[in-house]
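Enquirer: Got a sequence here, can you model it:
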Amino acid sequence: MLLRAASATLSYSPPMRFEHVHLEAFGHVLPEESITSDALEERIRAVYDRLGLHVGRLELMSGIRERRFFPAGTRPSTVAAAAGEIALEKSGVARERIGCLIHAAVCRDFMEPATASVVHARLGLPPTCQAFDVSNACLGFANAMTLVATMIERGDIEAGLVVAGEDGRPLVEETLRVLNTQDGIGKNDVKRAYASLTIGSGAAGLVLTRSELARAPHRLLGGIALAATEHHELCSGGAHTGGDGPLMETDSEALLVAGNALGARTFEAFQRELGWDRQTIDRIVTHQVGVAHKRLTFETMELDHAKDFTTVEMLGNVGSVSLPLTLSKAADEGFVQDGHQVAMLGIGSGLHCLMLGVDW
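Expert: The predicted structure is shown next:
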């Protein structure tokens with residue numbers, strides 16, 4: 001996809017339009033283990049006591065009561081393959097018809113080879129099915145959807161599979177370890193670590209098909225993408241500090257403001273491109289970071305909260321899995337139904353925003 005400059009600090013991606021692409025079937029996997037925000041804060045109580053902070057602050061700031069974790073040592077490929085298996089079974093599409101597999105999570109098994117290679121082998125996909133990873137923070141799954149959709153629209157393949165497995169446990173554990181052991185931890189350090197403590201785990205899969213192969217009516221119409229990469233330093237992660245997991249540092253307040261501004265610009269372009277408006281959109285699914293973020297997004301874009309399906313309070317921020325998992329659960333629970341116009345509003349650090357419209 002070619003990029004062209006729209007301003008010194010804003011990149012513009014040409015609009016995406018699809019006539020022959022269906023979202024055939026979603027699948028998702030959630031861990032059994034649930035950890036409350038209060039339980040995480042209890043593990044850094046000594047730091048809290050020294051700084052005069054109180055347990056309950058994390059939930060108050062994020063709205064996240066709990067998040068889930070896979071067992072220690074779980075590989076992203078394992079849970080991604082499980083979600084992909086569910087999506088394949090629900091779709092009824094034969095494996096030999098899958099022409100492309102993309103693993104689109106932040107987490108991966110290793111740097112090389114692509115985690116998609118492991119998923120490809122686990123699912124028994126044919127050698128004619130290409131497989132690769134796509135990484136773009138929390139927006140990766142949505143980006144992968146458009147890549148597979150473009151292949152289908154061009155007639156290169158007739159069906160494709162997008163999967164993602166996110167395991168937040170190592171990040172959370174390492175963040176707690178550093179807060180407890182690093183000298184000179186202050187209130188600002190705790191504040192910049194809060195976003196890391198909102199991360200949860202989960203996996204999602206999606207089978208996309210060409211119209212002639214589709215049984216489900218859920219047609220992907222297209223969308224729009226914008227980038228504001230001058231804000232790339234507001235959230236960065238992956239560095240190791242001698243522990244077993246990665247670290248992430250986030251300026252949550254600045255990220256909230258910048259992300260909301262980018263989202264508002266993208267939403268206006270999204271409505272124009274699809275010919276939709278706030279009234280005709282029936283259901284809204286977002287990448288879920290926290291309650292305050294979602295509230296500001298809906299207020300700024302003048303969206304109806306009744307059209308939103310929320311998962312963040314119980315699942316936390318599940319990275320690239322958040323958007324597809326939320327839509328999968330919304331459909332399973334009957335909140336999204338045939339005939340609904342569904343807006344998928346995705347955003348990821350960097351900053352990047354991608355919004356897609358589905359005629360469900």
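
Enquirer: Now do the strands in the stretch 101-250 of the chain.
Expert: 130-133, 159-166, 202-210, 219-227, 235-239, 247-250 (DSSP state E, counting those that start in this stretch).

Enquirer: Format those as CSV; extra columns: mean neighbour count.
Expert: Any C-beta I mention is one placed from the backbone N, CA and C, and that applies to glycine too. Below are the strands of the stretch 101-250 of the chain laid out as CSV (neighbours: other Cβ atoms under 10 Å):
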stretch, mean neighbour count
strand 130-133, 19
strand 159-166, 32
strand 202-210, 30
strand 219-227, 23
strand 235-239, 15
strand 247-250, 18
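
Enquirer: and residue 271, which of those is closest to it?
Expert: Residue 271 lies closest, by Cβ to Cβ, to one member of these: strand 219-227, at 9.2 Å.

Enquirer: That closest one to strand 202-210, inter-axis angle?
Expert: Orientation check (axes from the mean of the first three to the mean of the last three Cα atoms, to 10 degrees): strand 219-227 against strand 202-210 gives 120 degrees.

Enquirer: Could you pull out the buried residues of stretch 334-347?
Expert: 335, 336, 340, 341, 342, 343, 344, 345, 346, 347 (16 or more other Cβ atoms under 10 Å).

Enquirer: Equivalent analysis for stretch 265-278, please.
Expert: Buried residues in stretch 265-278, counted by 16+ other Cβ under 10 Å: 265, 266, 267, 269, 270, 271, 273, 274.

Enquirer: Show me the shaky parts of the protein.
Expert: Across the chain, the ranges flagged by pLDDT under 70 are 1-14, 239-244.

Enquirer: mind checking how far residue 152 is from residue 145?
Expert: Distance, residue 152 to residue 145, using Cβ to Cβ, to the nearest Å: 11 Å.

Enquirer: These two: who's more crowded?
Expert: Remark: of residue 152 and residue 145, residue 145 carries more neighbours, 28 against 25, as counted by other Cβ atoms under 10 Å.

Enquirer: wait, doesn't the more buried one sit right on residue 205?
Expert: No. Counting by Cβ atoms under 8 Å, residue 145 stays clear of residue 205, with 11.5 Å between them.

Enquirer: shared neighbours of those two, which are they?
Expert: Shared contacts of residue 145 and residue 205, defined by Cβ atoms under 8 Å, 6 or more residues apart in numbering, are found at residue 162.

Enquirer: any shared contact partners between residue 152 and residue 145?
Expert: Between them, residue 152 and residue 145 share the contacting residues residue 208, judged by Cβ under 8 Å, 6+ apart.

Enquirer: all helices in the stretch 1-150 of the chain, in order from the N-terminus.
Expert: In the stretch 1-150 of the chain, the segments counted as helices under DSSP state H, counting those that start in this stretch are 37-42, 45-51, 57-62, 76-91, 115-123, 140-154.

Enquirer: Turn these into a markdown table, including distance to residue 219.
Expert: What follows is the helices of the stretch 1-150 of the chain, written out as a markdown table (distance: least, Cβ to Cβ, whole Å):
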| stretch | distance to residue 219 |
| --- | --- |
| helix 37-42 | 39 |
| helix 45-51 | 50 |
| helix 57-62 | 35 |
| helix 76-91 | 15 |
| helix 115-123 | 25 |
| helix 140-154 | 10 |
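
Enquirer: Quick check: which of those helices is nearest to residue 311?
Expert: Among those, helix 57-62 comes nearest to residue 311, with 13.3 Å by Cβ to Cβ.

Enquirer: most centrally placed residue in the chain?
Expert: The centroid of the chain falls nearest to residue 320 when counting by Cα atoms, centre = their mean (2.4 Å).

Enquirer: list the contacts for that residue?
Expert: Taking Cβ under 8 Å, 6+ apart, we find residue 320 in contact with 104, 105, 106, 136, 137, 138, 139, 140, 141, 164, 166, 348.

Enquirer: with those in mind, which one is nearest to residue 71?
Expert: Nearest to residue 71 among the contacts of residue 320: residue 166, at 14.4 Å, using Cβ to Cβ.

Enquirer: which SSE is residue 343 in?
Expert: Following DSSP states H and E, one finds residue 343 within strand 341-348.

Enquirer: who's in contact with residue 18?
Expert: Counting by Cβ under 8 Å, 6+ apart, residue 18 touches 149, 150, 152, 153, 219, 220, 221, 222.

Enquirer: quick check: angle from the lengthiest helix in the chain to strand 219-227?
Expert: For the chain, the helix with the greatest residue count under DSSP state H is helix 252-274. Here helix 252-274 runs at an angle of 130 degrees relative to strand 219-227 (the same axes, to 10 degrees).
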